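1. Could you look at this predicted model? Sequence included:
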Amino acid sequence: MDMQKLFVGIGAIAVVMLIAGAMWGLPLYRVWASQQAGRAQLAQAEYFQQVIAVEARARLQAEIYNAQAEVARARGAAQAMYEVRDALSEEYILYLWVRLMAGNPNVIYIATEGSLPILEVNRRTQLRP
């Protein structure tokens, strides 16, 4: 019986020590856990900030490339205009204009000395009774 009381006493002391340890350790654990949660949130915020910065740099680089492409297109268009301007004669431009006018059934082109068209706008209304 003596041994049994000794085991019960040791068990009771162990339970009391366990409860005391929990009462002492649980607040410390909560503080540690909240610190870890705060560090995790800070790390996540820093990561998101880095992601936003990288995306902004990528958008900026894309805009730079788009601007360079636009400048290249404008230079190409300007060069093409200069080449076309130098290659076209006044007679060829007049020929193209006459061909364009010939496709329009509402226009009758009569060649004159000044290359000015005579348009008969009211021709259809005058022909009909």
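-> Right, received. Where do you want to start? Numbering: from 1, shown residues only.

2. okay, now residue 98: neighbour count?
-> Look at residue 98: counted by other Cβ atoms under 10 Å, it has 13 neighbours. Placement of C-beta: from N, CA and C, glycine included.

3. which SS state does the most centrally placed residue in the chain fall under?
-> By Cα atoms, centre = their mean, the mean C-alpha position of the chain lies nearest to residue 59, the distance being 6.7 Å. Assigned by DSSP: H, G, I helix; E, B strand; the rest coil, the conformation of residue 59 is helix.

4. Report pLDDT for it.
-> Residue 59 is assigned 97 on the pLDDT scale.

5. And it, how far from residue 66?
-> Computed as Cβ to Cβ, to the nearest Å, the residue 59 to residue 66 distance reads 10 Å.

6. swap in residue 12?
-> 79 Å.

7. do the same with residue 94
-> For residue 94 relative to residue 66 (Cβ to Cβ), the value is 40 Å.

8. what is the mean pLDDT for stretch 100-113?
-> 71.

9. mind starting the numbering at 48 from now?
-> OK, 48 is where the count begins now, so the last one is stretch 147-160.

10. Any stretches of the chain with poor pLDDT?
-> The model of the chain has pLDDT under 70 over residues 48, 154-176.

11. which SS class is residue 153?
-> Assignment for residue 153 (three-state DSSP): coil.

12. Where do the helices of this protein begin and end?
-> Using DSSP state H, the helices found in the chain span residues 49-134, 137-149, 170-174.

13. now the longest one, how far from the chain's geometric center?
-> Centroid separation between helix 49-134 and its chain, computed with Cα atoms, centre = their mean, to the nearest Å, is 23 Å.

14. which other helices and strands contact it?
-> Using 3 or more Cβ pairs under 8 Å, 6 or more residues apart in numbering; DSSP states H and E, no helix or strand is in contact with helix 49-134.

15. can I see the domain layout of this protein?
-> The record's domain parsing of the chain by automatic domain parsing lists 59-134, 136-176.

16. I'd like those domains as JSON lines, with distance to residue 53 appended.
-> What follows is those, written out as JSON lines (distance: least, Cβ to Cβ, whole Å):
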{"stretch": "domain 59-134", "distance to residue 53": "11"}
{"stretch": "domain 136-176", "distance to residue 53": "118"}
